[in-house]
Structure formats: structure tokens, C-alpha cells
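Participant: My questions concern the predicted model and sequence given below.
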Amino acid sequence: MKLSVLDLVPQLEGANPQEALENAVLLAQTAERLGYTRYWVPEHHDMEHLASAAPEVLLAHIGARTSRIRLGSGAVLLPHYKPIKVAEAFHLLAALYPGRIDLGLGRAPGGSAHVTMALSGNFLANVRKMPELVADVQALLENEYRLDGVRVTARPLPPEPPELWLLGTNDKSAVLAARTGTGYAFGQFMSDRDGTEVLAAYRSAFVPSGRRREPETIVAVGVVCAETEEEALRLAAGVAGRTGPPDADRQPSAAEEPPLRDRLLAGTAAQIRERLLRLGEEYGTDEWMVVTAIQDYAKRLRSYELLGEAIL
């Protein structure tokens, strides 16, 4: 089983942006030490308590303070940008940190209507171009992009291009990932869909590409891990409204029907390990991306430590 980290880079109560970013570095370093496969950060705009507006900038900073763990975006919100600018930024990262860079792409706005308009104007029109935008990014990463018959190169050309992933929470994103031959990261922690059905749709529609011959999946789930089950459930009560069931006043229960039950897993490391093993068989995936929204930096870090020590 592989474990990876999705860090929302939260600016918890009382913390300033610098402290939030320092904790992001600490989490990435801890994940690397424990053997986590990837560390990804999302893109959010004008959100008061999240310090992750520019993943490529933060990843450059974290890359200089780590040595092995893969670093990626979860995700760059492609409708806001021209493909060549995205490819250039991640080619530069891949040149700095060879063999370590993932480029995750998404279609969400990443903020309010007004900040979305400030970023890209007619966002919905750009969303409709998503298949074309993804194809252009692929061509640029493979140095096969042409405009009016002229090759355009996203420089610098790294020794190994970034690994390309599409992120999503439904069949539409899964099918797009399949048809373009990219990896697919499914956000179960924020989806009401049954992940087994979504991943099945991806696998059944998968078309091999130049960079990927077989389908590959990651499933992102909310996790709260503590020394005791009671402590984990107590911490999860404050997390549920952020990464799991919308009612933060009740604790997650094994009696819930999936997919709500699978959005937020809470318990001891042994309990969560067992749950992930069972879910891995159901989902057909062996890589889990963990997002932990505990509202305390030390307890959040400890959750990742306990899980990593038990599994990795």
C-alpha cells in the first residue's frame, strides 16, 4: 500500500501565513522521512484560511528542503491558464527536481465568483475547452506542440517530464482522464459519488497514451488518526464539516452508507490501516492520498506520523 499527502496548507486560528507555510514544509519533510510517496498541494484563491494560491511556488520552496518525495499540484486549475504557462512552470520544477514532479490538473474555479472572474474572465467558457486544454498540456510535456505548424517548446526541457494526472470527483473527470491516457486521482473526501463506480468508469474507458500504457489511480480520503479511537473520534467531530459528512455535530460511523462513510476515516492507526486495506480491494487502488484537517498543527502532524509508522 502506498500513502501520499494532500496538504491544504491551512492557516489555522492564530497562525499567520508564514507559520502555515513553515508547517507545510515540516509536513512534507516528515512525510518523506516516513516513506510517503507524494506530497501535493492544491490551488485556492482568496480563501482566508488557506495559504496555497500558487502551488508551483510552494513546491519549489519545499523541493529545496526535501530530497526524495514526489511533489505535485492537487491541482493546477487549468481553465484559468494558458497550457504553455503551466507546462513551463512544471518543466522548470522538473528541471530543478528531476524525477520528482507531478502535474495534477483540475477544472474547479478554486474560489468565489468574483475572484474567478478576476483570474480568467469567462471561466465556464474555458471549462468547456478542458479536453483541448489537457491535450495541449500533454503535447507541450512531450515537446510535440505546434501552433500554425510551428513547434512551440515549453522550456526548460527537463531530463524527465512531470507525471501528468487529472483530478476529479465524478464520472466526467474520470472519463476525460481515461480518454487522454493520464493518471486519475479521485477525491473521495469531497465527493458524494461511489468511488468504486467512478474508478471503474475510468478503467473501462482508458486509452493508452505516449507516457502511460496502463490506467493508474489515487484515491484521496480524509483521515483522522490518534493514539486511541476515542481521541480520533473527538478530533474528527471538528473535521467532518471540512472533509467528510456535512454535519459536523456527529462523529463518523461505520454504520454510514458509502460513499459518505469513506470520506472521513477516524480511528487508531491499526483501525485505519485495516479499513484502507479493505477499501483498496473494493476500489482496486493501492495508493491513498491522505488529507487531515485537524485544527491543530501538532495533532495533524501526529496523525500522519501514526499512520505512516503503521503502514509504511
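Facilitator: Now that the structure is in, tell me what you want to look at. Residues are numbered from 1 along each chain as shown.

Participant: Okay, helices next: where are they in the stretch 151-300 of the chain?
Facilitator: With DSSP state H, counting those that start in this stretch as the criterion, the stretch 151-300 of the chain has helices at 171-180, 195-205, 229-237, 240-243, 260-263, 269-283, 297-311.

Participant: I'd like to know the average pLDDT value across the fifth one.
Facilitator: Meaning helix 260-263. Mean pLDDT, computed over helix 260-263, is 77.

Participant: And for the third one?
Facilitator: Averaged across helix 229-237, the pLDDT comes to 96.

Participant: tell me which residues in it are buried?
Facilitator: Along helix 229-237, these residues count as buried under the neighbour rule (16 or more other Cβ atoms under 10 Å): 231, 232, 233, 235, 236, 237. The C-beta positions use only the backbone N, C-alpha and C, and glycine is treated the same way.

Participant: low-confidence ranges in the stretch 101-250 of the chain?
Facilitator: 240-250 (pLDDT under 70).

Participant: Tell me which residues touch residue 220, please.
Facilitator: 6, 74, 185, 186, 187, 188, 189, 288, 289, 290, 291 (Cβ atoms under 8 Å, 6 or more residues apart in numbering).

Participant: Give the burial count for residue 118, as a bare number.
Facilitator: Neighbours of residue 118 under the rule other Cβ atoms under 10 Å: 13.

Participant: What helices and strands are in contact with the helix or strand that contains residue 94?
Facilitator: Assessed by DSSP states H and E, residue 94 sits inside helix 83-96. Packed against helix 83-96 by the contact rule (3 or more Cβ pairs under 8 Å, 6 or more residues apart in numbering; DSSP states H and E) you find helix 55-63, strand 101-106, helix 130-141.

Participant: my guess is residue 118 is in a helix, correct?
Facilitator: Yes: counting by DSSP: H, G, I helix; E, B strand; the rest coil, residue 118 is part of a helix.

Participant: can you start the count at 418 instead of 1 from here on
Facilitator: Shifting the count to begin at 418 puts that one at residue 535.

Participant: quick one: it from residue 527, how far?
Facilitator: 12 Å (Cβ to Cβ, to the nearest Å).

Participant: same question, residue 637
Facilitator: 16 Å.

Participant: One more: residue 691?
Facilitator: Taken as Cβ to Cβ, the span from residue 691 to residue 527 is 35 Å.

Participant: try residue 622
Facilitator: 26 Å.

Participant: Quick check: buried residues in stretch 449-457?
Facilitator: 449, 451, 453, 454, 455, 456, 457.

Participant: I'd like those residues as a markdown table, with distance to residue 470 appended.
Facilitator: Formatted as a markdown table, these follow (distance: Cβ to Cβ, whole Å):
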| residue | distance to residue 470 |
| --- | --- |
| 449 | 24 |
| 451 | 28 |
| 453 | 24 |
| 454 | 25 |
| 455 | 20 |
| 456 | 17 |
| 457 | 15 |
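
Participant: how close does the residue positioned nearest the centre of the chain get to residue 722?
Facilitator: Nearest residue to the geometric centre of the chain (Cα atoms, centre = their mean): residue 491, 3.4 Å. As judged by Cβ to Cβ, residue 491 and residue 722 stand 21 Å apart.

Participant: Equivalent analysis for residue 467, please.
Facilitator: In terms of Cβ to Cβ, residue 467 sits 23 Å off from residue 722.

Participant: more neighbours, these two?
Facilitator: residue 467 (20 against 16).

Participant: The more buried one and residue 432 touch, don't they?
Facilitator: No: here residue 467 does not reach residue 432: they are 11.7 Å apart, not a contact under Cβ atoms under 8 Å.

Participant: Residue 645 and residue 652, how far apart?
Facilitator: Where residue 652 is concerned, residue 645 sits at a distance of 11 Å (Cβ to Cβ).

Participant: Oops, could you answer that again for residue 572 instead?
Facilitator: The separation that residue 572 has from residue 652, given Cβ to Cβ, amounts to 46 Å.

Participant: How about residue 592?
Facilitator: Note on residue 592: its distance to residue 652, by Cβ to Cβ, is 36 Å.

Participant: ok, back up a step: so of the helices and strands packed on helix 500-513, which one's packed in deepest?
Facilitator: strand 518-523 (a mean of 27; mean count of other Cβ atoms under 10 Å).

Participant: Export that one to PDB, keeping only CA atoms.
Facilitator: Extracted in PDB, the C-alpha atoms of strand 518-523 (Å, rounded to 0.1, in the frame of the first residue of the first chain):
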ATOM      1  CA  ILE A 518       7.400  16.300 -10.100                       C
ATOM      2  CA  ASP A 519       3.700  15.500 -10.700                       C
ATOM      3  CA  LEU A 520       1.400  17.900 -12.600                       C
ATOM      4  CA  GLY A 521      -2.200  17.400 -11.400                       C
ATOM      5  CA  LEU A 522      -4.800  19.200 -13.400                       C
ATOM      6  CA  GLY A 523      -8.400  20.200 -12.300                       C
END
